[in-house]
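> Mind looking at a prediction? Sequence and model below.
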Amino acid sequence: MRIAIAYDIGCLRRWHMWLANALGENHDVALTGIQRATPFPRSLSLLQSLERILYRRSGTNASDVCDSREYSGAAITGKPAAGQFDLVIDLSSGMSAASPDLRILAPLYNETTDELAAANALLNHELVDFAIYDSAHGAYVSHGRSAAEDRNVLSISLDNVFCRTGSLLQRAAEHATPSFSASRHSLRADALLTRSRSPIPFLAAAVGAKALALLNKLCGRGHEWAIAWRRTHGDAISDRLPDSGLAFQRHPNNPRSYFADPFVFARDGRHYLFVEEYLHAQGKGVISLMTIERDGTVSPSTVILERPYHLSYPFVFEHGGEIYMIPETGAVRRVELYRAERFPDLWAFHSVLIDDVAARDVTLCEHKGRLWLFMATGQWQSSSWDTLEIYHAANLESPWTPLPNNPVLANPTGTRPGGSMFWRSGELWRPAQDSSVIYGGKLALCRVDELSSDKFRQTTTSFLAPAPSLAGVHTLNYAAGLETVDIFGPRSEEPARLIIERAAPTDSQFQHVAPEIALI
């Protein structure tokens, strides 16, 4: 396929080059510069340069503006013409790069074709809604909302937005079928050019926030993750009424580390708690174990699995008479499976389930006679907070097949897995992280409405949120009367208090209608 990628002259960004190189592996790709409708604000470029210095951002970043001469592929002048290309990916601010008789893919940010809309939203500490428009279908073929991993650093948040947009553009270019069905409405691209907000208030607030965070850390008042649990006597969180409060017993962290991602496994009258233990000195996580006896006695933690790379989210499950673990190993871009040679403390590497995928918080469930893996993913500098991908297989040893419309969700609310899935009243449920404000700010409780080899739908019904004394909760698990969570907040010996909140109608799977764009 012959593809033209059009960009605003003077605004060729690193992610444009990344997209061109990715598509260039299988297609003929050319870049073309289009005269921008309005000058790009120099103040935004200056802010990004200052952030490089303030936050020591080295290397190449997706939002960097680069020299068009760095691209070694073919270049064209003027607008791409029909017969010259099969597809135009229009990244220009006015969507004027091609005639309507060509298939056009174009990203929109908050329903605006100008990337300044993304920058303006982030400068206002708001998230960015994005969509990929495909003229061949007259509809969005992808849409969602991008996470912002550091709202105080514009360039990091722009990297998250642009990389997610690039990955979805690549998918749309290589898959002709829309991933989402949507109705049309009228939207004129030429009416949506936007002015840039001043970056000065944003920079002042960001510097102040960073200084306060550093001061809290030096004074020992910083927040950290910790684990907690409660005896349920049969009353699961999902059965509680909205606005009810829950109290969990905290487990103290070690001076050298903190605990997170608790998974509980019940056997022989004991509860075995598998956790991520993050070792500050080594800058990585290991998998540790502690046991909770019937009388409530808790054993000291013991490291049971360590690798040269970071481990977390120890998903432990029983299958075919064996006990397995899938820890998070996204740092090495593969999903690894371990088997218990001696439960609970001796584990051996068994196999790689999926290779070349930076998967986070991998969660397995069985449904309709097949196995399903739910995971969060990220590409290059996109966030792993805002996407959900699903793979399925006949059994653990079979090849794993991705759903054709992966990622099935793109939104920091209710996507990234947050614990084991469970059945309730014949329905499948999943806890999922809500990182729309901060990472792991709260947990969404989501009912799976449809799960098949080509479709996925869910509805968020409620949230497990931290009480005012805490800042976050992002993992929930249950086994034989013991419920476990992890919490984010200051150190304390007081019970960890959480609240169940009813989800608003807009908290269900992100929905958006598609435009009929009038090209200019």
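That came in fine, so what should we check first?
> residue ranges for the strands of the stretch 301-450 of the chain, please.
Here the stretch 301-450 of the chain has its strands, by DSSP state E, counting those that start in this stretch, at 302-305, 312-319, 322-328, 334-342, 346-355, 359-367, 370-377, 387-393, 401-402, 409-410, 413-417, 422-424, 427-434, 442-451.
> Identify whichever of those strands lies nearest to F248.
strand 442-451 (12.9 Å; C-beta to C-beta). All C-beta spots, glycine's among them, are computed from the backbone N, C-alpha and C.
> before we move on, the earlier item: pick the most deeply packed of the strands of the stretch 301-450 of the chain.
strand 413-417 (a mean of 29; mean count of other C-beta atoms under 10 Å).
> now for that strand, which elements pack on it?
For strand 413-417, the elements it packs on are strand 359-367, strand 370-377, strand 387-393, strand 427-434, strand 442-451, strand 456-466, judged by 3 or more C-beta pairs under 8 Å, 6 or more residues apart in numbering; DSSP states H and E.
> Tell me which residues are up against that strand.
Strand 413-417 is contacted from outside by 145, 360-363, 374-376, 384-388, 407, 409, 430-436, 444, 446, 458, 460, 507, 509-510, using C-beta atoms under 8 Å, 6 or more residues apart in numbering.
> Give me the mean pLDDT for it.
Across strand 413-417, pLDDT averages out at 95.
> now stretch 89-102
75.
> show me the residues around the closest residue to S383 other than its chain neighbours that make contact.
The shortest distance from S383 to any non-neighbouring residue, by C-beta to C-beta, 6 or more residues apart in numbering, is to A147 (4.0 Å). Listed by C-beta under 8 Å, 6+ apart, the contact set of A147 reads 127, 160, 383, 385-386, 412, 435-436.
> R164 now?
130, 144, 146, 379, 382-383, 386-387, 410.
> Checking my notes, it in a helix, right?
Yes: assignment of R164 by DSSP: H, G, I helix; E, B strand; the rest coil places it within a helix.
> now the most centrally placed residue in the chain: how far from R360?
Nearest to the mean C-alpha position of the chain, counting by C-alpha atoms, centre = their mean, stands W385 at 2.3 Å. Separation of W385 from R360 (C-beta to C-beta, to the nearest Å) stands at 9 Å.
> what do you get for E427?
The value you get for E427 to R360, if C-beta to C-beta is used, is 25 Å.
> now W347
Counting by C-beta to C-beta - W347 and R360 are separated by 20 Å.
> Leaving out the residues flanking it, which one is nearest to A22?
Using C-beta to C-beta, 6+ apart, the closest residue to A22 is Q170 (5.5 Å).
> Does that neighbour fall in a helix, a strand, or a coil region?
Strictly by three-state DSSP, Q170 counts as helix.
> if I pick it, what's in contact with it?
Per C-beta under 8 Å, 6+ apart, neighbours of Q170: 19, 22-23.
> which regions of the stretch 51-200 of the chain sit below the pLDDT cut-off?
68-82, 94-99, 176-198, 200 (pLDDT under 70).
> The same query, at a cut-off of 90, please.
51-60, 65-85, 92-103, 111-114, 125, 135-143, 150-152, 174-200 (pLDDT under 90).
> in it, which spans are strands?
74-75, 87-90, 103-109, 128-134, 139-146, 184-188.
> closest one to E318 among those strands?
Here strand 139-146 is closest among the strands of the stretch 51-200 of the chain (C-beta to C-beta), at 34.8 Å.
> The closest one pairs with which strands?
Strand 139-146 has the following sheet partners, assigned by DSSP bridges: strand 128-134 (antiparallel).
> And for G321, the neighbour number?
Residues lying near G321 (other C-beta atoms under 10 Å) number 5.
> Domain map for the chain?
2-212, 223-505 (automatic domain parsing).
> Would you agree L46 falls within a helix?
Yes: membership of L46 in a helix is supported by three-state DSSP.
> and the residue lying closest to A281 once chain neighbours are set aside, how far is that from H310?
The shortest distance from A281 to any non-neighbouring residue, by C-beta to C-beta, 6+ apart, is to R256 (6.5 Å). For R256, the distance to H310 (C-beta to C-beta) stands at 16 Å.
> Comparing these two, which residue is more hemmed in?
H310 (19 against 11).
> For Q84, see how far away the closest residue to that one other than its chain neighbours is.
Spatial nearest neighbour of H310, excluding adjacent residues (C-beta to C-beta, 6+ apart): K284 at 4.3 Å. Using C-beta to C-beta, K284 is found at 50 Å from Q84.
> which of the two has more neighbours?
K284 (18 against 15).
> Next, the contact list for the more buried one, please.
Neighbours of K284 in contact, by C-beta under 8 Å, 6+ apart: 278, 309-311.
> now G419
Contacts of G419 (C-beta under 8 Å, 6+ apart): 263, 363, 431, 443, 475-477.
> ok, of the contacts of A147, which one's closest to L241?
Using C-beta to C-beta, the contacts of A147 come closest to L241 at S436, 23.8 Å.
> Count the residues that sit near the closest one.
Residues near S436, counting by other C-beta under 10 Å: 19.
> Local confidence estimate at the closest residue to S299 other than its chain neighbours?
Closest residue to S299 apart from its sequence neighbours, by C-beta to C-beta, 6+ apart: T291 at 4.6 Å. The model reports T291 with a pLDDT of 95.
> Kindly confirm my reading that T291 forms part of a helix.
No: assessed with three-state DSSP, T291 is strand; it does not lie in a helix.
> how near is it to P417?
On the measure of C-beta to C-beta, T291 and P417 end up 25 Å apart.
> and if you look at R307?
Distance of R307 to P417, computed by C-beta to C-beta: 21 Å.
> N253 too?
For N253, the distance to P417 - C-beta to C-beta - is 23 Å.
> Repeat that for R370.
For R370 relative to P417 (C-beta to C-beta), the value is 18 Å.
> which one of the contacts of K284 has the most neighbours?
L311 (25 neighbours).
> and S420, how many neighbours does it have?
Neighbours of S420 (other C-beta under 10 Å): 21.
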